[in-house]
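> Sharing a sequence plus its predicted fold:
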Amino acid sequence: MDGADFAIVLIRFHSYARLCIFMHMRTTLDLDAKLLTKAMKLTGENTKTSLIHFALEEIIRKSNIKSLLEYGGKIHIDHDVNSSRGRT
């Protein structure tokens, strides 16, 4: 099992069992050292792994925001903010 750590879990549901395999991947990346250093300073991440995780989460977050923005002006919500806040 070079390059990967595996966790094997046996889960029982009612009268049958399922075998689940969770994989933790290792990979080799060729990254610019200056970009890594600058990104680590900007984000406050202190390991390369945490920096890559942060970057991947940001890509997904920005994609989700972009998807939501596509609904702009297409959904009408009839809601009186003042009355919900107890204002007259």
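Done, it's in.
> Lys48: neighbouring residues, count only.
Burial of Lys48 is recorded as 13 neighbouring residues (other C-beta atoms under 10 Å). The way it works is simple: take the backbone N, C-alpha and C, and place the C-beta from them, glycine included.
> pLDDT weak spots in this protein?
1-24, 88 (pLDDT under 70).
> ok, 50 please
For the chain, the stretches flagged by pLDDT under 50 are 1-2, 8, 10-11, 14-15.
> Go ahead and flag the most central residue of it.
Nearest residue to the geometric centre of the chain (C-alpha atoms, centre = their mean): Glu57, 3.7 Å.
> May I see the buried residues of the one helix or strand that one maps to?
Following DSSP states H and E, one finds Glu57 within helix 48-69. Going by neighbour count (16 or more other C-beta atoms under 10 Å), the buried part of helix 48-69 is Leu51, Ile52.
> Any chance you could give me the next helix or strand after that helix in CSV, C-alpha atoms only?
For helix 48-69, the succeeding helix or strand toward the C-terminus, using DSSP H and E, is helix 81-84. Taking Å, rounded to 0.1, in the frame of the first residue of the first chain, the C-alpha atoms of helix 81-84 are listed here in CSV:
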residue,chain,number,x,y,z
VAL,A,81,-38.1,43.0,7.3
ASN,A,82,-39.4,45.8,9.5
SER,A,83,-42.4,43.8,10.7
SER,A,84,-40.2,40.7,11.4
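> Without its sequence neighbours, what residue ends up closest to Leu29?
Counting by C-beta to C-beta, 6 or more residues apart in numbering, Leu29 lies nearest to Ile52, which is 7.7 Å off, once chain neighbours are set aside.
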